[in-house]
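A.B. asks: build me a model from this:
(one chain, ligands or ions: 1)
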Amino acid sequence: MTDPLIEQYFAQILPETLSPIQSASAYAPSNIALCKYWGKRQYSLNLPHNSSLSISLAHHGTHTQIQHSPDDQDHILLNQQEQPLNTPFSQRLLTFCNHFRRNQPLPLLIHTTNNIPTAAGLASSASGFAALTLALNHFFQLNLTSRTLSAVARIGSGSASRSLWHGFVYWFKGSHPLGNDSYATPLEYSWPDLRIALLQLDQRPKPISSRNGMNHTVDTSPYYSAWAELAEKDISALYQAINEQNFPRFGQIAEDNALAMHASMHAARPSLIYWQPQTLSQLHHIHHLRQQGLPVYATIDAGANVKILFLAQHQHAIETELNPSAIINPFSPNNPKIPLPL
Ligand code: PMV
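C.D. replies: Prediction:
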């Protein structure tokens, strides 16, 4: 059953009938928030309590191709493997496509490839829904603006609203009841020396989805309102640090913000803990490296994996000390092209 608010939102932006082309494809990068989104003021449209700011993960993301189905059923391929249509993954994806198709019989063949582990705290849903939104926009010749595409991707997964651009992206929380003003926009700042490393500590899917985790935190954590207030202050301070390219300040705000988000979940009833022992030991290691004079900062999403922020001149030390599974240059001139309208 479709949510009436979602139906209302899509009725505002879609034509009466869709005119698909033969095939469309799109790439979108994953992103990690430096000031996190945690908690919704409205559940079905993913309208957040606080604004957030992210950095995109360059070539770590999702390619999605959409074609007409060869028969009268939908088909979903994830990393070349056909998925049963009744899995939560397929259902979420098809529900999203149905917002576009409404009652039109348009069976699709959707082929999606992730070059990051699905559901391991590395935000594959962000790049997944962003790439799907871009591919659907092209496939159905919708010509939606980038703001609308961001708001649409947000309905798939909140953080997907920020995955339509490379670099720094700011998602305004907005206040419109249908979320017309809750979209993301890229920041003009480039920081060519900034690097992100992924410490892959746990490849298992997280035990509780970020959707359920944040709803539980909003509903039960006595610290939730403090978190939402703090996030608004952090985002202004972070914006300022980016503007000044003040790396220690930038890194410290991002790390503090992530730990404050986790504190809000740790205080939920019952407590929600995504960390594993290795998460905490890496945090201590990073604090120790900082005390020794290496400017390195951590951020952690709804999972056990740690992502780190550092500058290019320290790459060798980071590789030696932390053995990352990937190092990302978010402002590389070779980043894959994102097919986004102006
Ligand atoms: O968009 P979701 O439902 O995957 O939630 C993302 C939540 C965090 O990754 C923890 C924070 C964020 O802003 O990306």
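A.B. asks: and the strands in the chain?
C.D. replies: Assignment of strands within the chain using DSSP state E yields the ranges 23-35, 40-42, 47-48, 52-68, 75-78, 81-82, 108-114, 168-171, 184-186, 194-199, 297-300, 306-311, 326-328.
A.B. asks: redo those as a markdown table? Include distance to the ligand, mean neighbour count and mean pLDDT.
C.D. replies: For glycine as for every other residue, the C-beta is placed from the backbone atoms N, C-alpha and C. Converted to a markdown table, the strands of the chain look like this (distance: least, CB to the nearest ligand atom, whole Å; neighbours: other CB atoms under 10 Å; pLDDT from 0 to 100):
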| stretch | distance to the ligand | mean neighbour count | mean pLDDT |
| --- | --- | --- | --- |
| strand 23-35 | 3 | 25 | 97 |
| strand 40-42 | 9 | 16 | 97 |
| strand 47-48 | 8 | 25 | 98 |
| strand 52-68 | 5 | 23 | 97 |
| strand 75-78 | 17 | 18 | 97 |
| strand 81-82 | 22 | 10 | 96 |
| strand 108-114 | 14 | 21 | 96 |
| strand 168-171 | 8 | 24 | 98 |
| strand 184-186 | 11 | 21 | 98 |
| strand 194-199 | 14 | 22 | 95 |
| strand 297-300 | 8 | 23 | 98 |
| strand 306-311 | 10 | 24 | 97 |
| strand 326-328 | 16 | 18 | 93 |
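A.B. asks: what sits against the closest residue to residue 134 other than its chain neighbours?
C.D. replies: Counting by CB to CB, 6 or more residues apart in numbering, residue 134 lies nearest to residue 26, which is 3.5 Å off, once chain neighbours are set aside. Applying CB atoms under 8 Å, 6 or more residues apart in numbering, we find residue 26 in contact with 63, 64, 131, 132, 134, 135, 138, 338, 339.
A.B. asks: one more pass at 10 Å, please.
C.D. replies: By CB atoms under 10 Å, 6 or more residues apart in numbering, residue 26 lies in contact with 62-66, 130-139, 164, 337-340.
A.B. asks: picking that back up, and the strands of the chain as a markdown table, adding distance to residue 283?
C.D. replies: A markdown table is the format used below for these (distance: least, CB to CB, whole Å):
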| stretch | distance to residue 283 |
| --- | --- |
| strand 23-35 | 16 |
| strand 40-42 | 27 |
| strand 47-48 | 26 |
| strand 52-68 | 20 |
| strand 75-78 | 32 |
| strand 81-82 | 35 |
| strand 108-114 | 27 |
| strand 168-171 | 24 |
| strand 184-186 | 28 |
| strand 194-199 | 10 |
| strand 297-300 | 6 |
| strand 306-311 | 7 |
| strand 326-328 | 19 |
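A.B. asks: if we can go back for a sec, can you say which of the contacts of residue 26 are buried?
C.D. replies: 62-66, 130-139, 164, 338, 340 (16 or more other CB atoms under 10 Å).
A.B. asks: among those residues, which ones are in helices?
C.D. replies: If you go by DSSP state H, these have 130, 131, 132, 133, 134, 135, 136, 137, 138, 139 in helices.
A.B. asks: surely the first one is in contact with residue 158?
C.D. replies: No - counting by CB atoms under 10 Å, residue 130 sits too far from residue 158 to count as a contact (11.4 Å).
A.B. asks: how far away is the nearest residue to residue 265 once chain neighbours are set aside from the ligand?
C.D. replies: Closest residue to residue 265 apart from its sequence neighbours, by CB to CB, 6+ apart: residue 272 at 4.1 Å. Per CB to the nearest ligand atom, to the nearest Å, residue 272 is found 12 Å from the ligand.
A.B. asks: would you mind giving me the confidence score for residue 272?
C.D. replies: Per-residue confidence (pLDDT) for residue 272: 98.
A.B. asks: same thing with residue 115?
C.D. replies: 87.
A.B. asks: check contacts around it.
C.D. replies: 30, 57, 59, 60, 61, 62, 63, 79, 124, 127, 326.
A.B. asks: same thing but at 8 Å, please
C.D. replies: Contacts of residue 115 by CB under 8 Å, 6+ apart are 59, 60, 61, 62.
A.B. asks: of those residues, just say which sits nearest to residue 204.
C.D. replies: residue 60 (18.9 Å; CB to CB).
A.B. asks: I'd say the closest one and residue 31 touch.
C.D. replies: No - counting by CB atoms under 8 Å, residue 60 sits too far from residue 31 to count as a contact (9.4 Å).
A.B. asks: okay, and the common contacts of the two?
C.D. replies: Joint contacts of residue 60 and residue 31 (CB under 8 Å, 6+ apart) are residue 127.
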